[in-house]
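Novice: Sequence and predicted structure are below.
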Amino acid sequence: MLRITDVHAAYGPILALHGVTLEVAAGSIVTLLGPNGAGKSTTLRVVSGLLHPTTGTIEFEGRRIDRLAPERIVSLGISHVPENRQLFAELTVLENLRLGAYIRHDRNGIKEDIEQVFHYFPILNERQKQVAGTLSGGEQQMLAIGRGLMARPRLLLLDEPSLGLAPLVTREIFQIIKSINHKQKVTILLVEQNANLALEIAQHGYVLETGRVALADTSANLQRSESVRRSYLGY
Amino acid sequence: MELFLQQVMTGLATGSVYGLVALAIVLIYRSTDVINFAQGEMAMFTTFFAWMLIDGSFLGFHIHPLHFWIAFALTLVFAATMGALLERIVIRPVEGRPILTIVIVTLGLFSIFNNLATWSWGGIPKAFPAPPEIHVTGITFFGDGALDIGPTVISYHDLTIMVVAVGIMLALYVFFQYTPIGLAMRGTAQNPVAARLMGIHVGNILTLGWALSALVGAVGGMMIAPLVLLQPPMMMGVLLYAFAAAVLGGMDSPPGAVVGGLTLGIVENLVGTYTTEEYLHVDWFGPEMKLTAALVVIVLVLLIRPTGLFGRRALRRV
């Protein structure tokens, strides 16, 4: 579904990706692991078009997307839930969800999808009219994921959904990510610091180190790998 | 008491115009952090456009003079187009540059519009017609004369200004609150990067912001012109009050701009009335100081609430 081939990318003079190659199969959950600054978030940014690769190609469903603008890419079926959530802090929960569906014009479908988001995250239903900036961290993350779903993506890019959240809330959110993938057939590319949790729900994982893919394997093999266990799983 | 009420009414009318121009300033500031110093001159320029249509002398050609409200509507279209083109041609190339660069560009626009108007139409003040009368179910709106509202009277022109200003503000409220594009504009103002991820074409939204802002300013210009006479420097005073109104209201809050404008209009009129020798027996303060008085009010408010009455962000830059 998504194929990234030898992608280099830079922020001004600073190189962030030195030839990343990875693949995400339709219907799967793939996770990107690695230390801070390894290029995980940058990889998501080049896919959603926020950053253009200097060289290399990105194909989505067989079509080159590496030169397209983000507003174009979202309408092709890729939703990016960015680092730090990036909500519209002074808009209400409902308005945030509506903006998530900005590219769509099917009123009834949008209504159904808002109900669907409320079904996954009942707390958001209670807080519909509340301004996003006043939500708790967990609620904000739920809203960010919900807003990402409102575009009806076939591929969802999730950047650190566990960041700053209590373990229980994190567990809950990961269960929902799993069921989004399972029930709605949304393919997911997940960047996560919490490697244990990520490998539990993903089928494949890539370990990035200093802008390169250091290791790529099935989740089961990565969980067994000595070096991954020592560096990222903590046992 | 009657005099007091009458001054409040007049203050509300001129305050509505300050509010409209302040609204125009806020519309651009909150989405781009740019303070458009040319806002008043743009309004003046579009008011000249309206005058040409009404007067029947379009760019030196004789045309059939148009009815006030038809000219009004055409001017709104002209203003919106002009605003959009300015954003595309003049502002877009300096986007992302240091804020001071952009401010200098708007100052440049200020003198371009001012000079262009003086060159085209000369510096001699022209009478700008007040909107003609309309009769709705036996009540007269607009035109000359005044409406008796119990304890005081209000001139039809002041009433017109208020009705039009309230109409524009309501229309903007509905637009921002209930339409997808309005929602997209609010979202873009808060988080342009997230807006792009939602599929919003941020460039188009900024162009639309300038168009809307020029349109709102044009309404302000056409409403104040009958009172101050149409001439190139006619918006200078208004712009000062409008800036003050926007700062008082909180710079990023449209309702704040309106409330700020109305407050300033009333303060200006009351100070202008009650500080004459007749009421205030001192020789160091008088009606000439009304702008100072209005600015003192603002300084006091900002000392207590640095973000303005309705603002959320603290003011920074410029």
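Specialist: Looks like it arrived, so ask away. Predicted model only: the values in this text are computed from it and were never measured.
Novice: can you map out the helices along chain A?
Specialist: A:40-48, A:70-76, A:93-100, A:107-120, A:122-126, A:137-149, A:167-183, A:195-201, A:219-224, A:226-228 (DSSP state H).
Novice: give the contact list for residue B:161.
Specialist: B:13, B:14, B:16, B:17, B:223, B:224 (Cβ atoms under 8 Å, 6 or more residues apart in numbering or on different chains). From N, CA and C alone the C-beta is placed, and that goes for glycine too.
Novice: how far away is the first one from residue B:7?
Specialist: Counting by Cβ to Cβ, to the nearest Å, the gap from residue B:13 to residue B:7 is 11 Å.
Novice: More neighbours: these two, which one.
Specialist: Remark: of residue B:13 and residue B:7, residue B:13 carries more neighbours, 24 against 19, as counted by other Cβ atoms under 10 Å in any protein chain shown.
Novice: I figured the more buried one hits residue B:156, correct?
Specialist: No - here residue B:13 does not reach residue B:156: they are 10.7 Å apart, not a contact under Cβ atoms under 8 Å.
Novice: Show the contacting residues for residue 151.
Specialist: This is for chain A. Counting by Cβ under 8 Å, 6+ apart, residue A:151 makes contact with A:74, A:75, A:79, A:100, A:101, A:102, A:103, A:104, B:198, B:199.
Novice: my bad, chain B
Specialist: Residue B:151 is in contact with B:1, B:2, B:5, counting by Cβ under 8 Å, 6+ apart.
Novice: hmm, 10 Å instead?
Specialist: B:1, B:2, B:4, B:5, B:6 (Cβ atoms under 10 Å, 6 or more residues apart in numbering or on different chains).
Novice: in the sheet, who's paired with the residue positioned nearest the centre of chain A?
Specialist: The centre of chain A sits closest to residue A:158, judged by Cα atoms, centre = their mean, with a distance of 1.4 Å. Assessed by DSSP bridges, residue A:158 has beta-bridge partners residue A:81, residue A:190.
Novice: what's the distance between it and chain B?
Specialist: 13 Å (Cβ to the nearest Cβ, to the nearest Å).
Novice: I figured residue A:174 hits residue A:200, correct?
Specialist: Yes - the pair formed by residue A:174 and residue A:200 meets the contact definition of Cβ atoms under 10 Å, at 7.5 Å.
Novice: any common contacting residues for these two?
Specialist: Common neighbours of residue A:174 and residue A:200, using Cβ under 10 Å, 6+ apart, are residue A:194.
Novice: Same drill for those two, tell me which one is more crowded.
Specialist: Just comparing residue A:174 and residue A:200: by other Cβ under 10 Å the higher neighbour count belongs to residue A:174, 19 against 15.
Novice: list the contacts for the closest residue to that one other than its chain neighbours?
Specialist: Setting aside the residues directly before and after it, residue A:174 is nearest to residue A:197 in space (Cβ to Cβ, 6 or more residues apart in numbering or on different chains), at 5.4 Å. If you count contacts by Cβ under 10 Å, 6+ apart, residue A:197 has them with A:31, A:161, A:162, A:167, A:170, A:171, A:173, A:174, A:177, A:190.
Novice: Need these in JSON lines (columns: pLDDT).
Specialist: Shown next, in JSON lines, are these (pLDDT from 0 to 100):
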{"residue": "A:31", "pLDDT": "95"}
{"residue": "A:161", "pLDDT": "92"}
{"residue": "A:162", "pLDDT": "90"}
{"residue": "A:167", "pLDDT": "89"}
{"residue": "A:170", "pLDDT": "92"}
{"residue": "A:171", "pLDDT": "91"}
{"residue": "A:173", "pLDDT": "92"}
{"residue": "A:174", "pLDDT": "93"}
{"residue": "A:177", "pLDDT": "94"}
{"residue": "A:190", "pLDDT": "95"}
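Novice: From those residues, pick the one nearest chain B.
Specialist: residue A:161 (15.6 Å; Cβ to the nearest Cβ).
Novice: phi, psi of that closest one?
Specialist: phi -60, psi -20 (degrees, to the nearest 10).
Novice: For burial, what's the neighbour tally of it?
Specialist: 25.
Novice: distance of it from residue B:168?
Specialist: From residue A:161 to residue B:168 the distance is 44 Å (Cβ to Cβ).
Novice: again, but for residue B:46
Specialist: In terms of Cβ to Cβ, residue B:46 sits 14 Å off from residue B:168.
Novice: Ok, residue B:191 next?
Specialist: 27 Å.
Novice: What of residue B:227?
Specialist: 18 Å.
Novice: Between these two, which is the more surrounded one?
Specialist: With neighbours defined as other Cβ under 10 Å, residue B:227 and residue B:168 compare such that residue B:168 has more, 21 against 17.
Novice: what residues does chain A put near chain B?
Specialist: Near chain B, the residues belonging to chain A are A:48-50, A:69-75, A:78-82, A:85-91, A:95-96, A:98-105, A:132-133, A:144, A:147-148, A:150-151, A:157 when assessed by Cβ under 10 Å from any Cβ of the partner chain.
Novice: Quick one: low-confidence residue ranges for chain A.
Specialist: Filtered on pLDDT under 70, chain A yields the residue ranges A:234-235.
Novice: from the contacts of residue A:151, which is closest to residue B:78?
Specialist: residue A:102 (29.8 Å; Cβ to Cβ).
Novice: Can you get me a residue count around the nearest residue to the closest one once chain neighbours are set aside?
Specialist: By the measure of Cβ to Cβ, 6+ apart, the closest residue to residue A:102 outside its immediate chain neighbours is residue B:198, 4.7 Å from it. For residue B:198, the neighbour count with other Cβ under 10 Å is 27.
Novice: residue contacts, residue B:198?
Specialist: Counted by Cβ under 10 Å, 6+ apart, residue B:198 has contacts A:70-71, A:74, A:79-80, A:88, A:96, A:98-103, A:147-148, A:150-151, B:184, B:187-188, B:191.
Novice: follow-up on the earlier one: what touches both of residue B:13 and residue B:7?
Specialist: With Cβ under 10 Å, 6+ apart, residue B:13 and residue B:7 have common neighbours residue B:269.
Novice: about what we covered before: shouldn't the residue nearest to the centre of chain A be in contact with residue A:189?
Specialist: Yes - here residue A:158 reaches residue A:189: they are 7.2 Å apart, a contact under Cβ under 10 Å.
Novice: quick one: low-confidence parts of the stretch 201-318 of chain B?
Specialist: For the stretch 201-318 of chain B (pLDDT under 70), the answer is B:280-286, B:312-318.
Novice: And the residue of it that's closest to chain A?
Specialist: residue B:201 (5.3 Å).
Novice: residues near the nearest residue to that residue once chain neighbours are set aside, how many?
Specialist: For residue B:201, ignoring the flanking residues on the chain, the nearest one in space by Cβ to Cβ, 6+ apart is residue A:71 at 5.3 Å. Look at residue A:71: counted by other Cβ under 10 Å, it has 20 neighbours.
Novice: now residue B:164
Specialist: 20.
Novice: Can you give me the buried ones in the longest helix along chain B?
Specialist: For chain B, the helix that runs over the most residues, judged by DSSP H, is helix B:2-32. Residues B:6-32 are the ones in helix B:2-32 that count as buried (16 or more other Cβ atoms under 10 Å in any protein chain shown).
Novice: circling back: need the overlap of contacts for residue A:158 and residue A:189.
Specialist: A:29, A:31, A:44, A:80.
Novice: Let me see the ranges of the helices in the stretch 51-200 of chain B.
Specialist: According to DSSP state H, counting those that start in this stretch, the stretch 51-200 of chain B carries its helices in the segments B:68-86, B:99-121, B:156-178, B:180-190, B:192-197.
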